[in-house]
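[1] Sequence below, structure please.
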Amino acid sequence: MVKRQESPPEDYEALIRLIHDRFDGMSRTYQQIAEYLTQNPNDVAVQAVNAIGQQCNIHPSSFVRFAQSLGYSGFRDLQTLFQRRLSTAAPGFEARKKALEDELSQHEGGSDLGFLRDLVVRDIASLQDLLEKVKAADIARAAEMIEGAGTVYLIGQLRSEPVVVLLRYILTMLGRPCVLLDSSGGLATHIARTMGTGDLLIAVSFRFYATEVVNIVEEAARSEVPIIAISDSSLSPLSKSAALLFTVPEHDYTFSRSLAAPMCLAQALMVAVAARVQKDSKKPRIPFVTAR
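    Sure, this is the predicted structure:
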């Protein structure tokens, strides 16, 4: 028999706090459920548990047991909190994607162009989602941290690497000292140990999180190096170590996952830095190598 806690959370915010508190002690299946619930709150509010389970490849009964482990009688009681939140929330990723698909479906030609259409629809929905979730105060704080850092260290591996490569390029063009912790030479961990408390680490990692990135972030946090993290969830292993976390939820693609939203966020941060460096909040410009 499942043991319930005395008083389960009565609102969405309290539920998310409880999930965060218990996440490390959850089974892998429960962690997957927690990640889906926190990344897709609007979809959780309107979809049946069978549909949610199908998207996660997890049996619906596991969602019921997950809810019971948090003190609810079943998944529907937990889902009620998401439904209350939905009354004041913006449309979620799936709702935006469906609207865009309906709008563009008339242009579907049954050819390979359909692959492009599908990717564009998903990227537009992801970018709209990003715009709703990122706070202006967080962008301003990140820009101030980057501008004030002695040296900005950058770490991102696997498909996160293009994001930090872009950051290195723009920071270099802005004249900001930066170091890319490149894994190719096997020295990323050792170079990271040269960071000081006056420096800054920007870490980018998405599921499934690169082990070396996670280890470097945790070691940097122990050394009191400030960290800005870009990841896919507030339950990411980077979240506990980050002074500032930007969450860019990922949504499954049939072939791959897009970097459109993370790249857009990275560019926005760099434009905010440029505005401060150049003392021009209206028309900051990022220099380029071939400029004369």
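
[2] Quick one, grab the pLDDT at Glu132.
    pLDDT, Glu132: 84.

[3] Check which helices and strands the strand or helix carrying it sits against.
    Using DSSP states H and E, Glu132 maps to helix 113-133. Under the contact criterion of 3 or more Cβ pairs under 8 Å, 6 or more residues apart in numbering; DSSP states H and E, helix 113-133 touches helix 93-104, helix 260-277. Where you see a C-beta, it was placed from the backbone N, CA and C, and this is true even at glycine.

[4] least reliable of those going by mean pLDDT?
    Among the helices and strands packed on helix 113-133, helix 93-104 scores lowest, with a mean of 53.

[5] Show me where the stretch 151-292 of the chain has its helices.
    Per DSSP state H, counting those that start in this stretch, the stretch 151-292 of the chain carries helices over the ranges 161-173, 188-192, 211-222, 260-277.

[6] Nearest to Ser61, out of the ones you listed?
    Nearest to Ser61 among the helices of the stretch 151-292 of the chain is helix 211-222 (31.3 Å), distances taken as Cβ to Cβ.

[7] So Phe206 versus Leu116, what's the distance?
    23 Å (Cβ to Cβ, to the nearest Å).

[8] Between these two, which has more neighbouring residues?
    Shown here are Phe206 and Leu116; by other Cβ atoms under 10 Å, Phe206 has more neighbours (23 against 10).

[9] Now do the helix or strand following the helix holding Glu132: which elements does it pack against?
    Downstream of helix 113-133, the next assigned helix or strand under DSSP H and E is helix 136-148. Judged by 3+ Cβ pairs under 8 Å, 6+ apart, the packing partners of helix 136-148 are strand 200-204, strand 227-231, strand 244-247, helix 260-277.

[10] Tell me which of those is the most buried.
    Ranked by mean neighbour count, those are led by strand 200-204 with a mean of 27 (mean count of other Cβ atoms under 10 Å).

[11] distance between that one and the chain's centre?
    Relative to its parent chain, strand 200-204 has a centroid offset of 14 Å by Cα atoms, centre = their mean, to the nearest Å.

[12] Partner strands of that strand and their direction?
    Sheet neighbours of strand 200-204, with direction, are listed as strand 152-156 (parallel), strand 227-231 (parallel) (DSSP bridges).
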